[in-house]
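J.: Take a look and give me a structure for this.
(one chain, ligands or ions: 2)
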Amino acid sequence: MPKWTHLGLVAFLLLSAATAGAADIDWWENAALYQIYPRSFQDSDGDGIGDLKGITSRLGYLKEIGITATWLSPIFTSPMSDFGYDISNFYDIDPIFGTLSDFDALIVEAKSLGVKIILDFVPNHSSDENEWFEKSVNREEGYDDFYVWDDGKLNEVTGEREAPSNWISVFGGPMWTWNEKRQQYFLHQFQVKQPDLNFTNPMVREHMLDVLKFWLDRGVDGFRIDAVPHIYEKREANGSYPDEPISGWSNNPEAYDYHDHIYTKDQPATVDLMYEWRAYLDAYQAENGGDSRVLLAEAYSSVETLSAYFGNSTNLGTQLPMNFQLMYLDGYSTARDVVGSIDYWMNTMWRDHQTANWVIGNHDTIRVADRMGAHKVDLLNVIVNALPGASVTYYGEEIGMSNVEIACTGDSCEDRDGERTPMQWTPGQNADFSSGETTWLPVNPDYVRYNVQTERGVARSSLNIFKRLQALKSSSAFLSFKEEGGFSYEAVTEQVLQIIRTNKISEEYRILVNMGNNMEILDGLDSKTYEYVLVTAYSPRYPGNTVNLKERIILMPYEAVVLRWHA
Ligand code: GLC
Ligand code: MG
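T.: Ligands and ions are numbered 1, 2, ... in the order given. Here you go, the predicted model:
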């Protein structure tokens, strides 16, 4: 055989092996997802609050940093009692954010850039200012049972009427509130202004499918389903609601943790509802073409429960039940702790479904810089992008944004504001988030250093590390994750996490992360020669340096590196 033919054959074999993995991966399985909090991403009209036109103008940035799909926290008509998680009209855009035609323009731009758009879908409740609720209060035909209503019960000792059960709402205080007009209690798992819809009513489920259809028709690629565990509540055959047992986790009877939520979270019917919605999306795709439409699920539940929401071979459920395990780590967490968190997911979800996703932040959780320490932001970005599966980035984590301490004013105090401050784009006024005099939340004063424009020009900035990580996600070794032996992870010492990604033929990456504040000495990790392809700010190495892993290597405190071997 002439030499070139031989080489050609080898090249062909390598190439086909390298791409074999990619072929059977659907886009969401390996996606870089990005959460935008619309109030805080980009303001276009100077009122100090972010809006749709602002987001549209920044979609190019998402493309630049390698994002596959972005999910937007709610943009629908709302009195903003819970900043949009209290929807008064599921079919329209709140004027603060713009109009339906602004939304259509956003979709056009997103499609031309190839960035997918996922909307927040808040089915559990509406605003009490939604016309559905008003109709229900007035017992209008068709709407009588649209929400969860009950007479309550008579206290035999005091002779007074009281709530149907002892349930406590997620934000504290009773889950039942008396409505004077209708003369009944209504249920709200969250705020009083967020009455729960009654999903045992088929009309409600139909309305919700209609909402999905409305936005699918406008071109969205999927939904993040809000508050999934809270959709159904237990109701006995006799119509009563059973009290929840005391958990022992709290001494405050008004606090959510006071009870074990065995009757108000993760009820069996919720699993079926996930199947129903997934089937609806799949049917929509079959009919209309295009890529898979996806469901992300927000569920603070056990991994076993998330596995049920994901479904099985007969019943498909939500593709991305969000994995919050890594959010429970803190500044003291070692590499072994990280491995423990990863294991909890992998030992169930990977074993049973070959799927993974990794979330390290959202609008309800203090930022990584505050939870784990500013020097660990890059480490966490490396970990979530180096692990197989989808990564989920909360806006600003890619530039190392941190929380702002926000003083409470008046009687309203939102303790989650700290992680919702404006995106930091440039060192200019208001970080170029808004041209207005003031912004709805203060811009973090650290924006002069931590901002997109400045970080673009700093070789080892969080932003540049993040971008390189996204590029790696599409390399053949990273795309081979569903193949036997395509990846592994372990704590090689108490403080050093090693992740390996390989196509087992031509390319292998070793990602080493030192979670600790000591130098770590590693001997004889492997016998091949590797090149440093990514180094963090704490690394004394340079990209292009090489090392044979037969030799000792030293990792500095908080250093993370990506090493590449290729045939
Ligand atoms: C989810 C949202 C949170 C909201 C709650 C009620 O947990 O992430 O921000 O307050 O649902 O809708
Ligand atoms: Mg509910």
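J.: Can you name the residues of this protein sitting close to ligand 2?
T.: Selection of the chain residues close to ligand 2 by C-beta under 5 Å from the ion yields Asn124, Asp196, His230, Ile231. All C-beta atoms are positioned from the backbone trio N, CA, C, and that covers glycine.
J.: From what I see, the first one and Glu233 are in contact.
T.: No. With contact taken as C-beta atoms under 8 Å, Asn124 and Glu233 are classed as non-touching, separated by 10.3 Å.
J.: quick one: common contacting residues for these two?
T.: Residues touching both Asn124 and Glu233 (C-beta atoms under 8 Å, 6 or more residues apart in numbering) are Gln189, Asp196.
J.: can you redo the residues of the chain next to ligand 2 as JSON lines with secondary structure, distance to Thr502 and neighbour count?
T.: Formatted as JSON lines, the residues of the chain next to ligand 2 follow (DSSP: H, G, I helix; E, B strand; the rest coil; distance: C-beta to C-beta, whole Å; neighbours: other C-beta atoms under 10 Å):
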{"residue": "Asn124", "secondary structure": "coil", "distance to Thr502": "43", "neighbour count": "23"}
{"residue": "Asp196", "secondary structure": "strand", "distance to Thr502": "48", "neighbour count": "24"}
{"residue": "His230", "secondary structure": "helix", "distance to Thr502": "41", "neighbour count": "26"}
{"residue": "Ile231", "secondary structure": "coil", "distance to Thr502": "41", "neighbour count": "23"}
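J.: Return the member of these nearest to ligand 1.
T.: Asn124 (6.8 Å; C-beta to the nearest ligand atom).
J.: Please report how far that closest one lies from Asn362.
T.: Applying C-beta to C-beta, to the nearest Å, the value for Asn124 to Asn362 is 17 Å.
J.: go on, Thr438?
T.: 25 Å.
J.: Look at those two and report which has more neighbours.
T.: The neighbour comparison of Thr438 against Asn362 (other C-beta atoms under 10 Å) goes to Asn362, with 23 against 11.
J.: Pull the contacting residues for that one.
T.: Counted by C-beta under 8 Å, 6+ apart, Asn362 has contacts Gln35, Val392, Tyr394.
J.: Tabulate those (CSV), appending distance to Phe97, pLDDT and neighbour count.
T.: Formatted as CSV, those follow (distance: C-beta to C-beta, whole Å; pLDDT from 0 to 100; neighbours: other C-beta atoms under 10 Å):
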residue, distance to Phe97, pLDDT, neighbour count
Gln35, 16, 98, 23
Val392, 22, 98, 27
Tyr394, 19, 98, 23
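J.: In TSV: those, plus secondary structure and distance to Val492.
T.: Shown next, in TSV, are the contacts of Asn362 (DSSP: H, G, I helix; E, B strand; the rest coil; distance: C-beta to C-beta, whole Å):
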residue	secondary structure	distance to Val492
Gln35	strand	32
Val392	strand	26
Tyr394	strand	29
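J.: From the residues you listed, pick the one nearest ligand 1.
T.: Once C-beta to the nearest ligand atom is applied, the member of those that ends up nearest ligand 1 is Gln35, at 10.0 Å.
J.: out of everything not next to it in sequence, what's closest to the closest one?
T.: Tyr394 (4.9 Å; C-beta to C-beta, 6 or more residues apart in numbering).
J.: Quick check: that neighbour vs ligand 2, distance?
T.: According to C-beta to the ion, to the nearest Å, Tyr394 and ligand 2 sit 25 Å apart.
J.: same check, this time on Phe146
T.: Phe146 is 12 Å from ligand 2, by C-beta to the ion.
J.: Just list the residues touching that residue, thanks.
T.: Trp132, Phe133, Lys135, Ser136, Leu197, Asn198, Asn201, Met203, Val204.
J.: my guess is the fourth one is in a strand, correct?
T.: Read that as Ser136. No. Counting by DSSP: H, G, I helix; E, B strand; the rest coil, one finds Ser136 to be helix, located in no strand.
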